[in-house]
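Asks: Quick one, structure for this:
(one chain, ligands or ions: 1)
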Amino acid sequence: MAGASYMEVQKAGGGIHYTVAKTKEASEEELLDLLQDRLDRMLRAGTTLAEVKSGYGLTTEGELKLLRVLHQGASRTPITLVPTFLGAHAVPPGLEPEAATRLVIEEQLPAVVAARNRGEISVSCVDVFCEAGVFSVDQTKRIVAEARKLGDLMVNVHVDELAKLDGAKMAGELQAEAASHCEEVSAAGISAMRTGGTVAVLLPTTQMLLRLPAPPARDMIKQGVIVALGSDFNPNAFCLSMATVLHLACVLLRLSPAEALTAATLNAAHSVRRSHLHGALQPGMRADMLLIQAPRWEHLVYQLGEHHHLIHHVVCSGRVVYTKKE
Ligand SMILES: N=CN[C@@H](CCC(=O)O)C(=O)O
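Replies: Model (predicted):
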């Protein structure tokens, strides 16, 4: 598949579909071990709050399995996890997008909300991969409406990553809490996100790896959109280090180090509506901190790939949860 595009890989059964097949083969214990290892690595790289998504099950049981793993994983890490149901991550082989939409609305969402209400899983947000050949704007709206009605879920949708569908405009008009990617966002999308209070979660690792155009981060900031940064850790963008993401945000999105820091902390917390507790050092908020050894804090952004060397302590809720070995 050398040279094939992201969607060509998917259409040939690779990408998300490959991961779905491998995830199905793995037991919950195996997935939990993998999750714990990755959360440990994220913690050592300085992450103290993370939105974590399902999306590699695509069947009701497959999605519930991943959400159970996330639920159990939350008790094994000091990182605060905010779980997102992403049953609409891809159209399962053999189904059309419309049938997959109905599957999510009629079967998956009710099962997920019921399991959450029984305390078996926790789910805070719903996500949909709104993209040409995956879920349309109309199908995304229907899934979002049902998720809000049935489960009072927050909305954080993939929009305008590859095709210009005006998904960001939809997200803003729906007053979605957040919308990720936005590489192909339109002027109307930027305006709607500002009006709707929708956080733009920009993902420079994926932008770089898929060689996508840079989302217009400077325009977004200038026009008053709240810009956040995410690692987008997934099999296609294997990066657990937010310091690397901050570096790329400065180079590729032309953010200043201070803007990148705010985007990765307070604004990222706001994308899951946790900015009253997370993302800043203020009385009444959680004392989540990194202690780094460097002449200035900007070295965490500037020294590419050096976070293991720079971060000496990670503190969660006022408790030291990681100390670098000398
Ligand atoms: N674009 C869709 N979802 C993920 C990638 C998932 C995958 O390729 O496994 C993303 O946000 O980048």
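Asks: Single out the residue in the stretch 201-326 of the chain that lies closest to the ligand.
Replies: The ligand sits closest to residue 236 of the stretch 201-326 of the chain, with a gap of 3.6 Å, by Cβ to the nearest ligand atom. All C-beta spots, glycine's among them, are computed from the backbone N, C-alpha and C.
Asks: right, and the helix or strand after the longest strand belonging to the chain?
Replies: Counting by DSSP state E, the longest strand found in the chain is strand 80-88. Downstream of strand 80-88, the next assigned helix or strand under DSSP states H and E is helix 97-102.
Asks: pretty sure residue 322 belongs to a strand, no?
Replies: Yes - according to DSSP: H, G, I helix; E, B strand; the rest coil, residue 322 belongs to a strand.
Asks: Let me see the contact set for it.
Replies: By Cβ atoms under 8 Å, 6 or more residues apart in numbering, the contact set of residue 322 is 43-44, 311, 313-314.
Asks: and of these, the nearest to residue 174?
Replies: residue 43 (33.4 Å; Cβ to Cβ).
Asks: Quick check: the closest one is in a helix.
Replies: Yes - according to three-state DSSP, residue 43 belongs to a helix.
Asks: Neighbours of it, how many?
Replies: Neighbour count of residue 43, defined by other Cβ atoms under 10 Å: 20.
Asks: Hmm, it is touching residue 79, no?
Replies: Yes - the pair residue 43 / residue 79 is scored as a contact, 5.7 Å apart, by Cβ atoms under 8 Å.
Asks: so what's residue 20 up against?
Replies: For residue 20, counting by Cβ under 8 Å, 6+ apart, the contacting residues are 56-58, 62, 90, 92.
Asks: in what helix or strand does it lie?
Replies: Counting by DSSP H and E, residue 20 is found in helix 16-25.
Asks: for the ligand, what are the nearby residues on the stretch 1-150 of the chain?
Replies: The stretch 1-150 of the chain comes close to the ligand at residues 15-16, 19, 129, as judged by Cβ under 6 Å from any ligand atom.
Asks: Spit out the contact partners of the closest residue to residue 107 other than its chain neighbours.
Replies: Ranked by Cβ to Cβ, 6 or more residues apart in numbering and with sequence neighbours excluded, the top spatial neighbour of residue 107 is residue 60, at 5.2 Å. With contact set as Cβ under 8 Å, 6+ apart, residue 60 has these partners: 87, 103, 107-108, 111.
Asks: Just want the angle from the helix or strand encompassing residue 29 to strand 80-88.
Replies: Element membership for residue 29, per DSSP H and E: helix 28-44. For helix 28-44 against strand 80-88, the angle by axes from the mean of the first three to the mean of the last three Cα atoms, to 10 degrees is 130 degrees.
Asks: quick revisit: now the helix holding residue 20, how far from the centre of its chain.
Replies: 19 Å (Cα atoms, centre = their mean, to the nearest Å).
Asks: go on, stretch 307-315?
Replies: Worked out by Cα atoms, centre = their mean, stretch 307-315 lies 23 Å from the chain centre.
Asks: Only alpha carbons, please: show it as CSV.
Replies: Taking Å, rounded to 0.1, in the frame of the first residue of the first chain, the C-alpha atoms of stretch 307-315 are listed here in CSV:
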residue,chain,number,x,y,z
HIS,A,307,10.9,15.3,27.8
HIS,A,308,12.3,12.1,29.6
HIS,A,309,15.4,14.1,30.4
LEU,A,310,13.7,17.3,31.4
ILE,A,311,10.7,16.1,33.5
HIS,A,312,11.9,15.3,37.0
HIS,A,313,8.6,15.0,38.8
VAL,A,314,4.9,14.7,37.8
VAL,A,315,2.4,15.7,40.4
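Asks: For that stretch, buried residues please.
Replies: Buried residues in stretch 307-315, counted by 16 or more other Cβ atoms under 10 Å: 307, 310-311, 314-315.
Asks: pLDDT wise, what is residue 11 at?
Replies: With respect to pLDDT, residue 11 scores 85.
Asks: ok, it - how many residues close by?
Replies: When neighbours are counted by other Cβ under 10 Å, residue 11 registers 13.
Asks: same deal with the one 10 residues further on?
Replies: Taking other Cβ under 10 Å as the criterion, the count of residues near residue 21 is 13.
Asks: So it versus the ligand, what's the distance?
Replies: 12 Å (Cβ to the nearest ligand atom, to the nearest Å).
Asks: And residue 170, by the same measure?
Replies: 17 Å.
Asks: you'd agree that residue is up against residue 159?
Replies: Yes - in this structure, residue 170 is within contact of residue 159 by Cβ under 8 Å, at 7.1 Å.
Asks: of the two, who's got more company?
Replies: A count of neighbours by other Cβ under 10 Å puts residue 159 above the other of residue 170 and residue 159, at 33 against 25.
Asks: check contacts around the more buried one.
Replies: 130, 165, 167-168, 170-171, 179-182, 185, 189.
Asks: Tell me how far whichever strand or helix holds residue 112 lies from the chain's centre.
Replies: Per DSSP H and E, residue 112 falls inside helix 109-117. Helix 109-117 sits 21 Å away from the centroid of its parent chain (Cα atoms, centre = their mean).
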